[in-house]
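Asker: sequence first, then the predicted structure, then my questions.
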Amino acid sequence: MSHNKKVVGFLAGFAMFLLSGCYKDKTVLITKTEVITTPISFSIDIVPIFNKNCNMSGCHSSGSQVPDLTPGNAYRSLFQEDMIDTGDPERSEIMGWLTGKLKPSMPLGGTANPSNINALMLAWITQGAKNN
């Protein structure tokens, strides 16, 4: 095998090695067509999402990862950790985690539809992120 073929083979193998480590597992986009106009309640609409997808042992439960998304602490913790921006809801830190703009995208082991979670969360923040 000539020297040039060895170099080309090495470079091709190296490129494949580099590219094999690059992947994107998912991207969830928030589109302007997913506007929710009905009032969103923190306790009725948002807390159940946290209960089903986020505040399990080792994740966002009391004493684990911040924010603490347990029912009694979620609202205070979201604001204490500065994750909500009612002035620019789409730039809220929590939206970055939910849409995959921040890694790892959340929820990690959740079972709900991510676009539904994103739309509800965005609507709640847009409506003033009330503790209702």
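Answerer: Nice, thanks for sending it over. These numbers were taken from a predicted model, which means no experiment stands behind them.

Asker: and the residue nearest the centre of the protein?
Answerer: Closest to where the C-alpha atoms of the chain average out (Cα atoms, centre = their mean) is L98, at 1.9 Å.

Asker: ok, the nearest residue to P67 once chain neighbours are set aside to T70 distance?
Answerer: The spatial neighbour of P67 that comes closest, neighbours along the chain excluded (Cβ to Cβ, 6 or more residues apart in numbering), is S77 at 3.8 Å. (Each C-beta comes from the backbone N, C-alpha and C, glycine too.) From S77 across to T70, the span is 8 Å (Cβ to Cβ, to the nearest Å).

Asker: and R76, by the same measure?
Answerer: 11 Å.

Asker: okay, these two: which has more neighbours?
Answerer: Set R76 next to T70 and count neighbours by other Cβ atoms under 10 Å: T70 wins out with 18 against 12.

Asker: helix/strand/coil for the more buried one?
Answerer: Here T70 is recorded as coil under DSSP: H, G, I helix; E, B strand; the rest coil.

Asker: quick one, phi psi at it?
Answerer: Backbone torsions for T70, taken as degrees, to the nearest 10, come to phi -70, psi 150.

Asker: am I right that it is in contact with S61?
Answerer: Yes: with contacts counted by Cβ atoms under 8 Å, T70 reaches S61, the gap being 5.9 Å.
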